[in-house]
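> requesting a structural model of the entry that follows:
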Amino acid sequence: MVVLEGNTSTKPRLTQDSCRRKAAKRKLTLENQHLSNKVSSVSARLLAHHLVQQGISMPKLLEGSSYSSPEDFERQTDLISSSDYCTLVRNALALTENPALGLTRAMQVFLSDYDAYGYAIMSSKNLGEAAKIGSEFWVLSGSLLDISSHVEDDIAIFEFTPRTPLNDVLPYIAEESMSVIYQLCRFLIGDQFKAQQVNFSYPEPAYSEKYKDVFQCQLSFNADRNSIDVPVAVLEEPLKMSSPQVAKLCMLQCDALIKQLTTYDEFVESIRRLLISAKPNFPNIEETASKLNMSERTLRRRLKQHNTTYRDLLDEIRLELAQQYLRDTHLSIDQIASLVGFEETTSFRKAYKGWTGISASDYRAQLSQ
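Now for the predicted structure:
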């Protein structure tokens with residue numbers, strides 16, 4: 001019997017007598033909707049680099065994001081904010097004019113693209129062990145969905161829950177994450193892998209025929225979950241490239257990578273939380289250093305070690321706030337400027353265009369198209 005342990009949030013155990021666990025749905029205010037949330041940038045980078053190879057302009061892909069240039073995007077190698085990832089996806093969908101882009105990504109992604117994480121999965125004993133490793137180190141996938149698993153009547157259910165409200169980009173994120181996993185499972189064990197059913201929590205899109213081509217099983221839309229449901233017996237299927245020694249080494253590397261991401265998170269996110277709590281009267285660097293019980297020089301040095309600056313963090317927070325207000329409210333530009341710490345609207349307009357390459361008004365207009 002295969003036992004899966006691992007969940008990006010609560011780490012439940014997948015066994016025959018597990019009970020169904022629904023992900024808790026958080027009620028978040030506009031100001032705390034995961035403004036400090038970042039994920040591994042691997043999936044976003046794979047998408048951006050693939051589209052650039054297809055002739056899409058990187059500056060166009062980054063329009064409206066917090067990245068000032070393609071070089072800035074390449075420098076920030078580890079993490080990407082949920083807001084920037086969603087902006088990248090919206091731009092990608094618009095520039096490619098391909099609403100099914102998430103599904104087509106399944107044929108363009110390989111386990112080796114995920115380095116140690118991918119090799120740890122490939123080297124597992126069987127599909128169940130691969131799923132266990134995939135869930136345990138899921139944060140390295142760079143997905144905006146969390147994964148959990150349980151069993152119902154000999155069916156293993158792998159459920160994917162948005163970690164932050166995704167709204168219009170949920171179909172892309174679900175299509176990409178779930179279709180990539182589905183195709184990678186087929187790569188690992190061949191035609192023996194076949195799901196009983198795949199469920200999506202959103203309405204059936206106009207291009208649903210493409211879903212049938214990818215998943216080749218029963219589909220359900222407007223479901224109560226996003227999930228891939230497979231017979232438990234499939235998890236016993238051995239992997240062709242199984243190597244316990246390689247898997248162990250790669251898992252150690254995965255541990256180190258997660259520790260690296262967490263270290264960044266703990267220090268930088270503590271500063272972000274401090275700044276967000278002070279909005280719109282953001283403290284200067286000297287005041288922030290004092291609150292952190294360190295000198296300004298030490299704060300600058302530690303931020304430099306994380307490839308960022310105090311100004312970058314402050315601008316990033318202001319941009320994330322501004323974009324949420326522009327996207328999710330009917331507040332005027334004057335009101336938004338004040339809420340993100342600008343005394344003059346003209347200064348906000350200039351700063352916003354400098355951050356994103358387009359005006360705040362144009363960004364809002366694009367969202368309404």
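> how about the strands in the stretch 151-300 of the chain?
For the stretch 151-300 of the chain, applying DSSP state E, counting those that start in this stretch gives strands covering 155-162, 197-199, 218-220, 226-231.
> enumerate every residue touching the residue nearest to S112 when sequence neighbours are not counted.
Spatially, and ignoring its direct neighbours in sequence, S112 is nearest to G118 (5.5 Å; CB to CB, 6 or more residues apart in numbering). For every residue, glycine as well, the C-beta is placed using N, CA and C. G118 makes contacts with 110-112, as judged by CB atoms under 8 Å, 6 or more residues apart in numbering.
> okay if I get the strands of the stretch 151-300 of the chain as CSV plus distance to L331?
As requested, the strands of the stretch 151-300 of the chain are exported to CSV (distance: least, CB to CB, whole Å):
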stretch, distance to L331
strand 155-162, 25
strand 197-199, 36
strand 218-220, 38
strand 226-231, 32
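> before we move on, the earlier item: E237: which of the contacts of G118 is nearest?
L111 (16.2 Å; CB to CB).
> pretty sure the closest one sits against M122.
Yes. If you go by CB atoms under 8 Å, L111 and M122 touch, sitting 5.3 Å apart.
> between these two, which one's more packed in?
More crowded of L111 and M122, by other CB atoms under 10 Å: M122, with 24 against 19.
> per-residue pLDDT, that one?
According to the prediction, M122 has pLDDT 92.
> show me the contacts for the residue lying closest to L331 once chain neighbours are set aside.
Counting by CB to CB, 6+ apart, L331 lies nearest to Y325, which is 5.4 Å off, once chain neighbours are set aside. Neighbouring residues of Y325 by CB under 8 Å, 6+ apart: 30, 331, 335-336, 339-340.
> which of those residues are buried?
With burial judged by 16 or more other CB atoms under 10 Å, the buried subset of the contacts of Y325 is 336, 339-340.
> of these, just say which sits nearest to P238.
Of all the buried ones among the contacts of Y325, V340 has the smallest distance to P238: 54.7 Å, by CB to CB.
> phi, psi of that closest one?
Main-chain torsions, V340, degrees, to the nearest 10: phi -100, psi 20.
> now it: how far from L321?
5 Å (CB to CB, to the nearest Å).
> pull up the overlap in contacts between the two.
With CB under 8 Å, 6+ apart, V340 and L321 have common neighbours K279.
> what comes into contact with stretch 346-353?
Contacts for stretch 346-353 (CB under 8 Å, 6+ apart): 315, 318-319, 322, 333, 336-337, 340, 342, 359-360, 363.
> give the buried residues for that stretch.
348-349, 351-352.
> related to what we said a few turns ago, which of the contacts of stretch 346-353 count as buried?
Listed as buried from those are 315, 318-319, 322, 333, 336-337, 340, 342, 360, 363; burial here means 16+ other CB under 10 Å.
> where does pLDDT dip in this protein?
Within the chain, the ranges that satisfy pLDDT under 70 run 1-37, 76-77, 262-265, 367-369.
> center of it, which residue is that?
In the chain, the residue lying closest to the centroid (CA atoms, centre = their mean) is L144, at 2.8 Å.
> next SSE after the one helix or strand the residue nearest to L331 maps to?
Using DSSP states H and E, Y325 sits within helix 310-328. Once the chain leaves helix 310-328, the next helix or strand it forms, by DSSP H and E, is helix 333-339.
> which of the contacts of stretch 346-353 sits closest to P99?
Y363 (21.0 Å).
> residue contacts, the closest one?
Per CB under 8 Å, 6+ apart, neighbours of Y363: 64, 323, 326, 352, 356.
> swap in F110?
118, 187 are the contacts of F110 under CB under 8 Å, 6+ apart.
> picking up where we left off before, now render the contacts of Y325 as a markdown table, adding distance to A100.
Output for the contacts of Y325, formatted as a markdown table (distance: CB to CB, whole Å):
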| residue | distance to A100 |
| --- | --- |
| L30 | 31 |
| L331 | 34 |
| Q335 | 38 |
| I336 | 34 |
| L339 | 37 |
| V340 | 36 |
